[in-house]
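> Here you go, sequence then predicted model.
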Amino acid sequence: MAADNEQTFVIEKSYRSTGWSEPVQLNFVNHADSVIRLWWHDDSGVPRHYHTIVPNQYVNQWTFATHPWSATNDAGEQLLMDGERVFVPEAGDDQAFITVTKENGGVDYCVPSGEHLCMCGDVENPIIIEGDSVRLGPKQFSVREIAQLKTIREGQTVSTYEIFESLD
């Protein structure tokens, strides 16, 4: 049994984070019909709350291969992550979308095509879903960024790479 704050849930097998050498970026998608809580299992095997995700939304999370993740709903029931009670990423899972559902199948639907918001840390990023593909939405430039862009090689063609390199 594991506990963190007011949540308690049972995990049949001990899962703990091991190794910190293979970073992966995951996208956890809430396909359950309620708010979910996302848990990272630390190096002692203790689940630590990382995110709360509303239905039909997802969150982007950097982690490491071999670091386990699990999810619960508001009632504390453990949910499935890509069909497993605990998801342990591998190096090849970088940029993967991990679907979180209820154990009894949850809600069966597709996220509609169109513009959506993705949370990456505390920053909202626009994404565009078109059928089975997902791409980043348009970049909104701040006043400072626009001023910097206007000063880059005045009047000359500038590549996208050069623009973003100048903003760092």
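Happy to help now that I have it.
> So this structure: which segments form each domain?
Here the chain is described, according to automatic domain parsing, as comprising the domains 2-136, 140-168.
> what residue ranges in this structure score low on pLDDT?
Within the chain, the ranges that satisfy pLDDT under 70 run 1-13, 104-112, 119-123, 131-133, 137-168.
> Could you report the distance from residue 90 to residue 80?
Computed as C-beta to C-beta, to the nearest Å, the residue 90 to residue 80 distance reads 18 Å. Every residue, glycine included, has its C-beta placed from N, CA and C.
> no wait, residue 56
Applying C-beta to C-beta to residue 56 and residue 80 gives a distance of 17 Å.
> Name the SS class of residue 44, please.
When classified by DSSP: H, G, I helix; E, B strand; the rest coil, residue 44 comes out as coil.
> and it, what is it in contact with?
With contact set as C-beta atoms under 8 Å, 6 or more residues apart in numbering, residue 44 has these partners: residue 16.
> ranges for the strands of this protein?
Secondary structure of the chain (DSSP state E): strands located at 2-4, 7-9, 23-30, 36-41, 47-53, 58-64, 69-73, 80-81, 97-101, 114-120, 123-130, 133-136.
> So which of these is nearest residue 17?
Residue 17 lies closest to strand 36-41 among the strands of the chain, at 6.0 Å (C-beta to C-beta).
> which residues sit against the closest one?
4, 7, 15-17, 28, 30, 47-53, 59, 61, 63, 67-74, 79, 86, 100.
> So for residue 56 and residue 80, which sits in the more crowded spot?
Taking neighbours as other C-beta atoms under 10 Å, residue 56 and residue 80 compare with residue 80 leading, 21 against 15.
> How about the contacts made by that one?
100-103, 106.
> at 6 Å instead, please
101, 103 (C-beta atoms under 6 Å, 6 or more residues apart in numbering).
> when you give positions from now on, start the count at 6
Happy to do that; since the first residue is 6 now, the last one works out to residue 85.
> how close does it sit to residue 91?
Relative to residue 91, and taking C-beta to C-beta, residue 85 is found at 10 Å.
> Likewise for residue 23?
From residue 23 to residue 91 the distance is 14 Å (C-beta to C-beta).
> Quick one: neighbours of the nearest residue to residue 93 once chain neighbours are set aside, just the number.
Leaving aside its chain neighbours, residue 93 sits nearest to residue 73 (4.9 Å; criterion: C-beta to C-beta, 6 or more residues apart in numbering). Neighbour count for residue 73, taken as other C-beta under 10 Å: 24.
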